[in-house]
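**Student:** how would this look folded up:
(one chain, ligands or ions: 1)
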Amino acid sequence: MKKDLATNHARLVATGFLVAALLAGGCAPSAPKQTIGQSAEAGRRIFLEICSTCHGKQGLGAFGPALIGENATLEKFLSAQRLFDYISIAMPLEAPGTLKRDEYLQVLSYLLVQNGFADAESPFDPDQLEQYPLKK
Ligand code: HEC
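**Tutor:** So this is what the prediction gives:
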């Protein structure tokens, strides 16, 4: 009896792994896209590691201008696409263009969410950056 339970358990665990593997593999074309919040979570780590040296741990500004909070003026970039273009070409200041595209997208997401330009729960489509205006 005990052994049967253990076997059943093992089977359940195995099935769980299989389902997880299938989901992670993205076999289903309708797999939900990631949210901006998920992308921003990865972006937060990159921001702390790389951008915070000049822009401050909370992005409030230091050597570089504020990127988050009331002194930030990212609205002038008008759309997430333009902000993306700027950071991926010009930042980090001492080594422009050295991050991967995905990493720039993640940092971008972090800035969008932190500034209230985007709802963390909304789906994130990196190919449609024009659709995120920089308005609160
Ligand atoms: C070595 C210091 C340094 C690092 C590291 C750095 N920046 Fe900057 N950043 C600056 C400076 C200085 C400016 C102002 C440049 C100017 O006005 O021409 C700036 C400007 C910006 C702006 C424009 C802000 C505005 O309101 O005009 C953005 C956005 C930005 N940085 C994002 C980032 C991101 C994202 C990272 C990390 C990937 C990063 N920066 C890393 C120094 C840095």
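**Student:** which phi and psi does G69 have?
**Tutor:** Backbone torsions for G69, taken as degrees, to the nearest 10, come to phi 90, psi -180.
**Student:** Then P123?
**Tutor:** Residue torsions, per degrees, to the nearest 10, at P123 are phi -70, psi 150.
**Student:** what bridges to it?
**Tutor:** For P123, the beta-bridge partners are T35 (DSSP bridges).
**Student:** show me what contacts it?
**Tutor:** Residues counted as contacts of P123 (C-beta atoms under 8 Å, 6 or more residues apart in numbering) are 32-36. In this view, the C-beta of every residue, glycine as well, is placed from N, C-alpha and C.
**Student:** would you list those residues in TSV and tack on neighbour count and pLDDT?
**Tutor:** As requested, the contacts of P123 are exported to TSV (neighbours: other C-beta atoms under 10 Å; pLDDT from 0 to 100):
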residue	neighbour count	pLDDT
P32	8	56
K33	13	81
Q34	16	93
T35	18	97
I36	25	97
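**Student:** Check which residues of stretch 88-96 are buried.
**Tutor:** 88, 91-92 (16 or more other C-beta atoms under 10 Å).
**Student:** pLDDT score assigned to the residue most central in space within the chain?
**Tutor:** Computing the C-alpha centroid of the chain and ranking residues by C-alpha atoms, centre = their mean puts S39 first, at 1.9 Å. S39 carries a pLDDT value of 98.
**Student:** interface residues of the protein facing the ligand?
**Tutor:** Applying C-beta under 6 Å from any ligand atom, we find that the chain lies next to the ligand at 50-51, 53-55, 63-65, 67, 73-74, 86-87, 91-94, 107.
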